[in-house]
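> sequence and computational prediction follow.
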Amino acid sequence: MNKGSVAGLVLAAGASTRMGQPKQLLPVDGGTIIERALNEALNSDLDKVVLVLGYHAGRIKKVIKHILINPKLKVVLNREFRRGMSSSIISGLAEIEDNYDHVMILLADMPYINSELINFLLHRYLVSSLHLGAISIKGKRSHPVIISSRFFNELRNLKGDTGARSLFRKYSDQVCLVEAEGNYDEKDIDTPDDYNSFIRKHTGR
């Protein structure tokens, strides 16, 4: 069984080039996508939540100012966000590596990730005694993912927009795959069509 504390790393620094506007601020449920992602992470059993911002960081911080007072939340600015997802992971890891034993990476543009899914992965992973974990759909690895401090050094060496998938390939014998329950949808929101499709499905209209 794995022991220790787990921090969540919410990645929301991207430039939303395919959306044409900051997708973090798209409306949903009377709020925004970023508020939804943060609230789900903060309502989970994660010990800490680190939010990584980049593109339009100041504008996003104004929108989430009511959430910033939560002592469980820390905001990090990634000035190198155009270098891809790896730069955000490295920026956030600097706030985590000295105090937490595991990190769960959460993508803010995956709106179906909720606190129940986070907790499901978290607790299944912790009892597995393995050092990498991920939600899976029909046996295929998806997001979120969780990574032991054993691999923090390798996370710091990531390049480009690849995220941590290379770790999961390299150490496939250390991966705990947790099959998502119900009808979990792993779609992310990159384009206006993606967003419109999500809203239709979410609202039933």
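That came through, no problem. Residues are numbered from 1 along each chain as shown.
> could you use CA atoms for every contact and neighbour count after this?
Will do.
> just the strands in this structure please.
Applying DSSP state E to the chain gives strands spanning 6-12, 27-28, 31-32, 48-53, 73-77, 102-107, 132-137, 140-148, 175-179.
> which stretch in the ones you listed is the model least sure about?
Of all these, mean pLDDT reaches its minimum on strand 27-28 (a mean of 91).
> in this structure, which residue is closest to the centre?
Central residue of the chain (C-alpha atoms, centre = their mean): L106, 0.8 Å from the mean position.
> from memory P22 sits against S16, does it?
Yes - with contact defined as C-alpha atoms under 8 Å, P22 reaches S16; the gap is 5.6 Å.
> sorry, back to before: to I189, which of the strands of the chain lies closest?
Closest approach to I189 among the strands of the chain (C-alpha to C-alpha): strand 102-107, 10.2 Å.
> which secondary structure elements does the closest one sit against?
strand 6-12, strand 140-148 (3 or more C-alpha pairs under 8 Å, 6 or more residues apart in numbering; DSSP states H and E).
> which intervals of this protein have sub-threshold pLDDT?
1-2, 204-205 (pLDDT under 70).
> now with 80?
1-3, 15-18, 20, 160-163, 202-205 (pLDDT under 80).
> show me where it has helices.
33-42, 57-63, 85-93, 115-126, 152-156, 165-170, 192-203 (DSSP state H).
> which of those sits most buried?
helix 85-93 (a mean of 24; mean count of other C-alpha atoms under 10 Å).
> run the chain-centre distance for that one.
11 Å (C-alpha atoms, centre = their mean, to the nearest Å).
> next one: stretch 65-80
For stretch 65-80, the distance to the chain centre is 14 Å (C-alpha atoms, centre = their mean).
> let's see it as CSV, backbone CA atoms only.
Output in CSV follows, covering the C-alpha atoms of stretch 65-80 (Å, rounded to 0.1, in the frame of the first residue of the first chain):
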residue,chain,number,x,y,z
LYS,A,65,-10.9,35.2,-6.8
HIS,A,66,-13.7,33.8,-4.7
ILE,A,67,-11.9,30.4,-4.9
LEU,A,68,-8.4,31.7,-4.2
ILE,A,69,-9.2,32.1,-0.5
ASN,A,70,-9.4,28.3,-0.1
PRO,A,71,-6.3,27.3,1.9
LYS,A,72,-6.1,24.1,0.0
LEU,A,73,-5.3,26.0,-3.2
LYS,A,74,-2.1,27.4,-4.5
VAL,A,75,-1.7,29.2,-7.9
VAL,A,76,1.5,29.0,-9.9
LEU,A,77,2.3,31.1,-13.0
ASN,A,78,4.0,29.3,-15.9
ARG,A,79,5.6,32.0,-18.0
GLU,A,80,6.8,29.3,-20.4
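> which of the residues in that stretch are buried?
Using 16 or more other C-alpha atoms under 10 Å as the test for burial, stretch 65-80 gives I67, K72, L73, K74, V75, V76, L77, N78.
> re the thing from before, and for the residue nearest to the centre of the chain, nearest residue in space, chain neighbours not counted?
V10 (4.7 Å; C-alpha to C-alpha, 6 or more residues apart in numbering).
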